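Q: Fold the stuff below for me.
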Amino acid sequence: MQGKTANLRKLYFRLINLFMTHRDLFYQYLGLPSLHPIDVEIVGAEGLYVTDSQGRQYMDFISGITVNNYGHRHPEILKAIRKQLDRFLHLAVYGDFVQSPQVLLAQKLVTLLPDPLQTVFFVNSGSEAIEGAVKLAKRYTGRPEIIAFDNGYHGSTQGALSILGKEEMKQAFRPLLPHVRFLEFNNFKDLQRISSKTACVVAETIQAEAGLVLPEEGYLEELRNCCSETGTLLVVDDVQMGFGRTGKLFSFEHFGVVPDILVLAKALGAGMPLGAFITSREIMCTLASDPELGHITTFGGHPVSCAAGMAGLEILCSGDLLSEVELKGARIESNLKGHPIIRSLRRKGLALGIELADPEKRQFITEETIANGLLIDWYLFQPATFRLAPPLTVTLAEIDTACTALLSVLTKATRT
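A: This is a model prediction of the structure:
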């Protein structure tokens, strides 16, 4: 009977493969985070462009949500990946063997960072890096309290969700971590709530999912001072804004502060899954004893991901790519500024938040930009604000072409 059932199942799946498209199978078999995916089947990508199953090209002006800072399939990154593929893939749980891709990438990162950011712990993603950073802060300080910010976004695993600053996204999953408090970003008075009970404050230098909210002058410096005075660790989440996105290698460099723990991911892996939290050797060593293996990961710092990340850093640190970010961001701003449907435009480097005067136009603009071969995205906590974050490799000519298409959509939206 079991054999007959197994044969029937095999026949069923063969029939499915004959008559169902990849799009059908997408909805049939994948767990999805939303009921409203973009629903375009991508079969190729190169530079700024992704290509769908019908052969149509789209200008990727979100870079996989700031992952592909060097564009799709950059030849130097592909070269590094292929070279590592010929050496070895996964070997063992992270931290057991000396693996040169991890070592070289960690060394490169540390040489680019200020003291005391001396020691790198690799993981797989931004959420995991946040989990490790918060866990480390509690272990090092022995304190229970975690402070984060309203409208801050740090991922969706249990710990990261606990410090996410939007109740609507986490109410269904409570209870979450205890002893979490929230401050209002850019509220100087609120900073006085940081105390000797606080293990860490987790902050983005620029609040991305809030619609690209920049810190007021002196705010991050005051946050740094309050943390130092109370012995609280400052954890900076540079997952979205790191690796040249803002015109500097790391976004905190704009604001005259140095974190105790830095969290990185997204563009760190140059298109491959990779995250990291970075701190002083003194702080990091507390994860290695009492108990030993205080923090472990199987696939963290995968050698192929680290090889790709190293190639990405080499691209970013050589040539004019980083120095051109401000010029390119300003070009987008000058093309779009003044359109009547735009209420405000916020920008830092090649990260832009464009807020609509009429939020009801959101769906129309989403559909029309895709129809016009342009990919944009909307910030989680600001449904009237869409993001533009093209690869840093985008050219001025490509910017002008994309902006022409976008302006056409925006103008059409004002007439509907």
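
Q: Where does E46 sit, in terms of helix or strand?
A: strand 42-46 (DSSP states H and E).

Q: other SSEs contacting that strand?
A: strand 49-52 (3 or more C-beta pairs under 8 Å, 6 or more residues apart in numbering; DSSP states H and E). For glycine as for every other residue, the C-beta is placed from the backbone atoms N, C-alpha and C.

Q: tell me which strands and helices the strand it packs on is in contact with?
A: Using 3+ C-beta pairs under 8 Å, 6+ apart: strand 49-52 touches strand 42-46, strand 57-60.

Q: Direction included, what does the last one pair up with?
A: Here strand 57-60 is paired, per DSSP bridges, with strand 49-52 (antiparallel), strand 374-375 (parallel).

Q: can you list the domains in the chain?
A: 38-70+321-414, 77-317 (automatic domain parsing).

Q: for this protein, what are the low-confidence residue spans?
A: Along the chain, segments meeting pLDDT under 70 span 1-4, 12-13, 15-18.

Q: Now do the helices in it.
A: For the chain, applying DSSP state H gives helices covering 2-19, 22-29, 63-66, 75-85, 100-112, 126-141, 158-162, 219-230, 281-284, 303-317, 325-336, 362-371, 396-414.

Q: wait, doesn't T205 sit right on K248?
A: No - taking C-beta atoms under 8 Å as the definition, T205 is not a contact partner of K248, at 10.4 Å.

Q: intersection of neighbour lists for those two?
A: Residues touching both T205 and K248 (C-beta atoms under 8 Å, 6 or more residues apart in numbering) are H254.

Q: which of these two has more neighbours?
A: T205 (25 against 19; other C-beta atoms under 10 Å).

Q: now the more buried one, nearest residue through space, not along the chain?
A: S251 (4.6 Å; C-beta to C-beta, 6 or more residues apart in numbering).

Q: any idea how far the one you found is from L262?
A: From S251 across to L262, the span is 10 Å (C-beta to C-beta, to the nearest Å).

Q: Can you pull the residues that touch both of these two?
A: D238.

Q: Surely E326 and T246 touch.
A: No - the pair E326 / T246 is not scored as a contact, 9.0 Å apart, by C-beta under 8 Å.

Q: Between the two, which is the more surrounded one?
A: Using other C-beta under 10 Å as the criterion, E326 and T246 rank with T246 on top: 26 against 16.

Q: Let me see the backbone angles for the more buried one.
A: In terms of degrees, to the nearest 10, the main-chain angles of T246 are phi -100, psi 0.

Q: now do H295
A: phi -150, psi 120.

Q: What sits closest to it if chain neighbours are left out?
A: L287 (4.6 Å).

Q: One more: L316?
A: L316 sits nearest to G244 (C-beta to C-beta, 6+ apart), 5.3 Å away.

Q: End to end on stretch 368-388, go ahead and measure it.
A: 15 Å (C-alpha to C-alpha, to the nearest Å).

Q: Check the offset of that stretch from the chain's centre.
A: 16 Å (C-alpha atoms, centre = their mean, to the nearest Å).

Q: Identify the residues contacting that stretch?
A: Contacts of stretch 368-388 (C-beta under 8 Å, 6+ apart): 38, 40, 50, 56-62, 65, 151, 153, 165-166, 169, 208-212, 332, 343, 351-356, 359, 362, 365-366, 402, 405-406, 408-409, 412-413.
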